[in-house]
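Undergrad: Need coordinates for the following:
(one chain, ligands or ions: 1)
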Amino acid sequence: MIRFDHVTKTYPRSTRPALFDVSITIDRGEFVFIVGPSGSGKSTVLRLALREEQATSGAVLVAGQDLGRLPLRKVPRLRRDIGTVFQDFRLLGNKNVFQNVAFALQVLGKSGHYIRQVVPETLELVGLDGKAKRMPHELSGGEQQRVAIARAVVNRPSILLCDEPTGNLDPAISLDIVHLLDRINQTGTTIVMATHDDDIVNDMRRRVVELSDGVVVRDEEDSLYLPKGDVG
Ligand SMILES: Nc1ncnc2c1ncn2[C@@H]1O[C@H](COP(=O)(O)OP(=O)(O)OP(=O)(O)O)[C@@H](O)[C@H]1O
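TA: Sure, this is the predicted structure:
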C-alpha cells in the first residue's frame, strides 16, 4: 500500500537530510505508528506519501503508483484516496459539523441525496450523532478531532495519515480518539500515525517505526513506545 525504497529527502537550503535511506513497507490494512523525537522526520514521511514533497533520491510508492513519476494532473486523484488528520483539527469555523463533513463530498461533486445519507452515517461512526448542527467553537477538542476524522474518512479513502492527532488533547480523550482510529482500521483502512504519545503506543501494541535524525532505528510489530531495555 505504501512503500519507501531507500528514500532520502533533503529540503532546499538544508545541508542535513530530513530522511536518510529510509525503507519501509506498509501493507493494506496495517496500523503503524511512526515515533521519534521532534525533528526526526515523522511529518516528512507523511508529506512524501501525500506527494506534498518529493524524495531527493529513492522511490515512494503509494497504492501502486510511483510518486516520483506521477504526473501533477494525477496528484488530486492520489489524494482522494488518502484521508489526513492533523494536531490542530483544521475545521472550517464558519460551517457546522454536518457542513464540515459534507464539504469534503461537495468538492468531489457528490449529489445532495448521497451527502444526506453518508454524512449522518459517518457522524454516527465517530460518535457525533446529535451534534450535526453544532459549530466548531461549540465543541470540545476531542469532539473537534472527531469531526476532522469524519471529514477525512467520509469519502472512504484506503489510507488515513494522522500527524500527531492527539497532540492537543488530554490523555483520556487521546485514548478515545486512537480507539476510534482503531475501529476505522478494522474496516480495512490503512492507518499511519505519527506521534510522541507513549501512553497511546503502549496501549495499542501495534507496529512501531522509530526514526532518529531521519534514519529508521527500529521497525517492530506489537511494540511499545520504548523498546525493551531502553531506559531513555
Ligand atoms: N520545509 C522545510 N524546509 C527545511 N527543512 C525542513 C522543512 N520541513 C522540515 N524540515 C527539517 O527536516 C527535519 C525533519 O522534520 P519533520 O517535520 O519531518 O520532523 P518531525 O519528526 O515530524 O518533527 P515534529 O515532531 O516536531 O513535528 C527537521 O530537521 C526539520 O527542521
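
Undergrad: What segments of this structure are helices?
TA: With helices called from DSSP state H, the chain shows them at 42-49, 75-80, 97-106, 112-125, 141-153, 171-186, 198-204.

Undergrad: Include mean neighbour count when you put those into a markdown table, please.
TA: (Each C-beta comes from the backbone N, C-alpha and C, glycine too.) Shown next, in a markdown table, are the helices of the chain (neighbours: other Cβ atoms under 10 Å):
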| stretch | mean neighbour count |
| --- | --- |
| helix 42-49 | 24 |
| helix 75-80 | 13 |
| helix 97-106 | 21 |
| helix 112-125 | 15 |
| helix 141-153 | 23 |
| helix 171-186 | 17 |
| helix 198-204 | 18 |
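
Undergrad: so can I have a markdown table of these showing distance to the ligand and mean pLDDT?
TA: Shown next, in a markdown table, are those (distance: least, Cβ to the nearest ligand atom, whole Å; pLDDT from 0 to 100):
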| stretch | distance to the ligand | mean pLDDT |
| --- | --- | --- |
| helix 42-49 | 3 | 98 |
| helix 75-80 | 18 | 95 |
| helix 97-106 | 24 | 97 |
| helix 112-125 | 28 | 98 |
| helix 141-153 | 17 | 98 |
| helix 171-186 | 16 | 97 |
| helix 198-204 | 14 | 94 |
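
Undergrad: Kindly reformat these as CSV containing distance to residue 31.
TA: Output for these, formatted as CSV (distance: least, Cβ to Cβ, whole Å):
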stretch, distance to residue 31
helix 42-49, 15
helix 75-80, 21
helix 97-106, 22
helix 112-125, 17
helix 141-153, 14
helix 171-186, 5
helix 198-204, 7
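
Undergrad: can you tell which of those helices is closest to residue 33?
TA: Smallest distance to residue 33 across the helices of the chain (Cβ to Cβ): 5.2 Å, for helix 198-204.

Undergrad: So which elements touch that closest one?
TA: strand 31-35, helix 171-186 (3 or more Cβ pairs under 8 Å, 6 or more residues apart in numbering; DSSP states H and E).

Undergrad: go again using 7 Å as the cut-off
TA: helix 171-186 (3 or more Cβ pairs under 7 Å, 6 or more residues apart in numbering; DSSP states H and E).
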